[in-house]
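Colleague: Fold the following and give me the result.
(chains A and B)
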Amino acid sequence: MSELPVADVLAAEPDEETTLPPSKGDSDLGGRTLEEVDPGDALVHVRGLKKHFPLRGGFLSRIQGHVKAVDGVTFWVGKGETLGLVGESGSGKSTTGRAILRLIEPTEGTVVFAGQDVTAMDAEDLQALRRQAQIIFQDPFASLNPRMTVGDAIREVLKVHGLARGEGADARVRELLRLVGLRPEYASRYPHEFSGGQRQRIGIARALSVEPEFIVCDEPVSALDVSVQAQVVNLLEELQQRLGLAFLFIAHDLSVVEHVSDRVAVMYLGRIVETADAEQLTRSPKHPYTRALLSAVPVPEPGRKRERIVLPGDVPSPIDPPSGCPFHPRCPHPLKDQDCARTVPPLAEKAPGQFAACIKEPAYVAPTGS
Amino acid sequence: MALLEVRDLRTYFHTEGGVAKAVDGVSFHVERGEVLGIVGESGCGKSVTSLSVMGLVSEPGRIEEGSSITYDGRELTTLSEKEMRGIRGNDIAMIFQEPMTSLNPVFPVGDQISEALRLHRGLKKKEARGRAIELLQLVGIPVPERRVDEYPHQLSGGMRQRVMIAMALANEPDVLIADEPTTALDVTIQAQILELLDELRERLGMAIVLITHDLGVVAEVCDRVVVMYAGQVVEEGPVGDIFGRPSHPYTQGLLAAVPRPDRREGTLAVIPGTVPPPTNWPTGCRFHDRCPYAWDLTREKMPPLFDLGGDHRSRCWLVEHPERREEVERTRPVFTGGAAQ
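Modeller: Here you go, the predicted model:
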């Protein structure tokens, strides 16, 4: 076994710029960028969002650097629409979800919600925002007080926002539980008495209690078994239709994201590398990372021949991201060259409504005079 | 004779709240060089099955009388702990979902691989180190001469899983049991590890038992599949049959519930309810309370594992009563909207 060679594809950790061929001069910087697009009256419009966490260490714990968790992200979510935000661990997708609700303070950029600038809001405005924009988490158990009955947990939200008290609150709790497919008498039970799927329903009921227009769903089904995952996904879609909700659906599972989303944005190292209509993105991805991600999703269909693109190496650290295109050290694009290590690629239009941050993909230029 | 044969395995946990029959009469076999997938949702008993094979079930868990696990014709359930230690890691090795819990944080990874070699093979320190470097190279770790001296926390999740695999391979086992080896990893890293396992199987001819909840992973790497539900095998067969012609409603429901990026559809098919607790399995067919086809017989009598031919078996009364399937499907659609074929 000792003399066996290592497969090239597994020999991870590609060398940096040194191995890049010289520029071929075919870089494509033309076309409209996502930042130039006017989304009209989007419910949520995020522009140039950044979140840098200071990195302290050494004597007196001085700031020694920054983790660029989110590094200039632009997107929007329309009324009643679902935008899927997909990425691997460390891509900054969850930080993005929290920063737009100001659960953590953004470093830079603007977030406009229903015409109001969230980044400029004071405490009172934020309280009002939380009646319109809510979040549900991967592990609802962690966000539920184990000593509080489910009914009390929901009543608390109603009370904080001054929405209902006493009998009125009780009736509302029963209504909410029914809405998410739970029995109203569950109101008197404690969180530990529920299964994972039921707890997620409770998390959803709590988020819905304020009648929001927009919900950030942060990996809401990742911890659930397949059969239960389908139940929760269907519930979210049904509620969206009935209540006209808009979702930012954050997940690492591309299959789930594709299923629930109208549009999808793919994140890598704190940036959006591609965004398009969900079907378009799946059918003809333009960014090499999206292609690799799609090809890596195992499909339950044995014997199906398909080209799996196995990316070498790991996701680099956001403390010291690669220069130029953050994906270039792992990129399998045949045209990759020195320009990729030098130029930060703009999120440019590559097909109508499809934007990708890759200078080696030809830009789409809208026909003039139409 | 199969390399590894499990027959009527029952592993019960005797707790104050009752007897949890986590594994309740499970049989399967693994041939040399093949990949067997054991698939099921949480609480189905797939992990306890693998721990039972490894002799790692601890109190209050117990492998019950009448259970049999043979490796290369040798009965394992009656071995002493000392004898079992000779098998574990040497002939049958195991890797887990979260490598960090199996790696000792205070020792360099190289020392941890060497330890297995010095224990089982009696290698000298220097030889063991050289072999550890070879193993790290085999599992695709770059610059192994340097990585051998690093500590687990210095490695990424994917690298740690590679180290775990290197440790498991140290003594060239015949069987590798991999319990959710890629569940904690990102999808691009998962692809690397699956590729690695497949390549190692081909090169070293070892058998792999892959335990997972991910049907996509099963379809890509397994030769045969065992589907578990509520402590039992409910369906088993060659991977093409399980995915192409699933027989058990649970298997059909699972396949239909998976969203697929290559097929956009409306509502996902749903299996109603949740897995019942192991202290109180339902009577009759254990799936009956979630099954769209359930009728009196299924509620009262547990179905045997019916033979469908070609190594394909299904624990469902519908095999004997196909008219019931037609009857139900005439009145309402079952598991539609998903990827059921």
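Colleague: quick one: is the host helix or strand of B:R201 near chain A?
Modeller: According to DSSP states H and E, B:R201 maps onto helix B:187-204. Yes - using C-beta under 8 Å from any C-beta of the partner chain, helix B:187-204 reaches chain A at B:187-192, B:194-196, B:199, B:203-204. Backbone N, C-alpha and C define where each C-beta goes, glycine included.
Colleague: was I right about A:K336 contacting A:H328?
Modeller: Yes - assessed by C-beta atoms under 8 Å, A:K336 is found in contact with A:H328 at 6.5 Å.
Colleague: So which of these two has more stuff around it?
Modeller: A:H328 (26 against 22; other C-beta atoms under 10 Å in any protein chain shown).
Colleague: and that one, backbone torsions?
Modeller: Per-residue torsions, A:H328: phi -60, psi -30 (degrees, to the nearest 10).
Colleague: for the closest residue to it other than its chain neighbours, what are its contacts?
Modeller: Of all residues not flanking A:H328 in the chain, A:C340 sits nearest, at 4.1 Å (C-beta to C-beta, 6 or more residues apart in numbering or on different chains). With contact set as C-beta atoms under 8 Å, 6 or more residues apart in numbering or on different chains, A:C340 has these partners: A:20, A:324-325, A:328, A:331, A:333, A:359-360.
Colleague: Including pLDDT, could the residues of helix B:187-204 next to chain A go into CSV?
Modeller: Shown next, in CSV, are the residues of helix B:187-204 next to chain A (pLDDT from 0 to 100):
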residue, pLDDT
B:V187, 84
B:T188, 83
B:I189, 82
B:Q190, 85
B:A191, 85
B:Q192, 85
B:L194, 87
B:E195, 87
B:L196, 87
B:E199, 86
B:R203, 88
B:L204, 87
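Colleague: can you list these in a markdown table and add neighbour count?
Modeller: Putting the residues of helix B:187-204 next to chain A into a markdown table (neighbours: other C-beta atoms under 10 Å in any protein chain shown) gives the following:
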| residue | neighbour count |
| --- | --- |
| B:V187 | 22 |
| B:T188 | 23 |
| B:I189 | 26 |
| B:Q190 | 23 |
| B:A191 | 24 |
| B:Q192 | 25 |
| B:L194 | 22 |
| B:E195 | 18 |
| B:L196 | 22 |
| B:E199 | 18 |
| B:R203 | 12 |
| B:L204 | 16 |
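Colleague: Determine which two of the residues you listed are furthest apart.
Modeller: Pairwise distances across the residues of helix B:187-204 next to chain A peak at 25.8 Å for B:V187 and B:L204 (criterion: C-beta to C-beta).
Colleague: Quick check: closest non-adjacent residue to the residue of the stretch 51-200 of chain A found nearest chain B.
Modeller: Taking C-beta to the nearest C-beta, chain B has its nearest neighbour within the stretch 51-200 of chain A at A:E88, 3.8 Å off. Among residues not flanking A:E88 along the chain, B:D186 sits closest, at 3.8 Å (C-beta to C-beta, 6+ apart).
Colleague: next one: A:H333
Modeller: A:P288 (4.5 Å).
Colleague: what residue is smack in the middle of the chain?
Modeller: As the question left the chain open, I've gone with chain A. For chain A, the residue nearest the mean C-alpha position is A:L85 (2.7 Å; C-alpha atoms, centre = their mean).
Colleague: think we crossed wires, I meant chain B
Modeller: Note on chain B: the residue nearest the mean C-alpha position is B:I211, at 1.9 Å, using C-alpha atoms, centre = their mean.
Colleague: And what about that residue, helix, strand or coil?
Modeller: Counting by DSSP: H, G, I helix; E, B strand; the rest coil, the backbone at B:I211 sits in strand.
Colleague: is it true that it touches B:T183?
Modeller: No - B:I211 is beyond contact range of B:T183, at 9.8 Å (criterion: C-beta under 8 Å).
Colleague: any idea how far A:V315 is from chain B?
Modeller: The span separating A:V315 from chain B equals 7 Å under the rule C-beta to the nearest C-beta, to the nearest Å.
Colleague: Find the nearest non-adjacent residue to that residue, please.
Modeller: Nearest non-adjacent residue to A:V315, counting by C-beta to C-beta, 6+ apart: A:G90, 5.4 Å away.
Colleague: Okay then, goodbye and thanks.
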